[in-house]
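Chemist: Here is a sequence together with a model predicted from it:
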Amino acid sequence: MEQPKKRLKKILLWAAGIVLAAYAAVVIYRIPHAVEKQKTAEVVAKIHAAKLTFDDVIGKNLPPDPGADADKTIEGVDANNNGIRDDVELAIFKQYPNSAKTRAAALQYAVALQIGLTQVFNSETLVAMAQEMTRATLCLGKLDRDIKVSIQRKDALEKFILNTDSRKNELEEIYRKYMVSHGDVEGKSDCDIDPTTLAN
């Protein structure tokens, strides 16, 4: 017959084993959540850090024409790695050769929309992208006193950037899956490049 002390020790060891196993299960269960939370924070920071440069606006590093490769994937080609799809960047320069102010706002809008096609994977990253889209839209609005002209310019850019069914569908799916309400980015001006610093 087992002694009471030995029996109590077995019960305590068994209980400790159950508690330890439960704790290990919770830790293992939470690892993917912690990894996604960290990845989300990194991508949100990256989205808000994406900023147009003066060199982008003046065309210092214009990419070569991607040709047929431009539409082979949703992401397209970004050979100069500035966050703007190359065919879109070249089209903006062709459309607005004499207005750095307009190019700056249009390129900023292109960056924001490209983020939606390449970096959004949950509600938090969609909110960051939407906040940058709002900034870019407001920046476009500063170009003209006529709101109709601003809307037409934004719509034309969007039509060009979302030039394939796969790109349109991707953005619609992202909005459908992840849209939540949000506010604007605090403490950030609308335009990456202040239009008043540009001559034309």
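Modeler: Perfect, I can see it now. The structure displayed is predicted, hence computed values, not measured ones. Numbering: from 1, shown residues only.

Chemist: Tally up the residues packed near E172, please.
Modeler: 11 (other Cβ atoms under 10 Å). C-beta here means a position set from N, CA and C on the backbone, and glycine is covered the same way.

Chemist: cool, L52 as well?
Modeler: Using other Cβ under 10 Å, L52 has 24 other residues around it.

Chemist: for L171, same thing?
Modeler: 19.

Chemist: Then K188?
Modeler: Taking other Cβ under 10 Å as the criterion, the count of residues near K188 is 13.

Chemist: can you list the weak-confidence ranges in this protein?
Modeler: Applying pLDDT under 70 to the chain flags the ranges 1-2.

Chemist: Now with 80, please.
Modeler: By pLDDT under 80, the weakly predicted segments of the chain are 1-13, 15-16, 23-35, 144-145, 181-187, 200.

Chemist: and it, what are its domains?
Modeler: Structural domains annotated on the chain: 1-46, 50-197, as defined by automatic domain parsing.

Chemist: winner for burial among those domains?
Modeler: Comparing the domains of the chain by mean neighbour count (mean count of other Cβ atoms under 10 Å), domain 50-197 ranks first with a mean of 17.

Chemist: now do the same end-to-end measure for that one.
Modeler: 20 Å (Cα to Cα, to the nearest Å).

Chemist: Stretch 77-92 too?
Modeler: Counting by Cα to Cα, you get 15 Å between the two ends of stretch 77-92.

Chemist: Can you tell me what sits against it?
Modeler: Outside stretch 77-92, the residues that touch it by Cβ atoms under 8 Å, 6 or more residues apart in numbering are 50, 52-53, 56, 61-66, 69-71, 75-76, 103, 106-107, 110-111, 114-115, 157, 160-161.

Chemist: what distance separates it from the centre of its chain?
Modeler: 16 Å (Cα atoms, centre = their mean, to the nearest Å).

Chemist: Who are the contact partners of the residue nearest the centre of the chain?
Modeler: Centroid-nearest residue in the chain, with Cα atoms, centre = their mean: I115, separated by 3.5 Å. Going by Cβ under 8 Å, 6+ apart, I115 touches 47, 50, 83, 128-129, 132.

Chemist: May I ask which two of the residues you listed are separated the most?
Modeler: Pairwise distances among the contacts of I115 were taken by Cβ to Cβ; the largest, 13.6 Å, belongs to G83 and A128.
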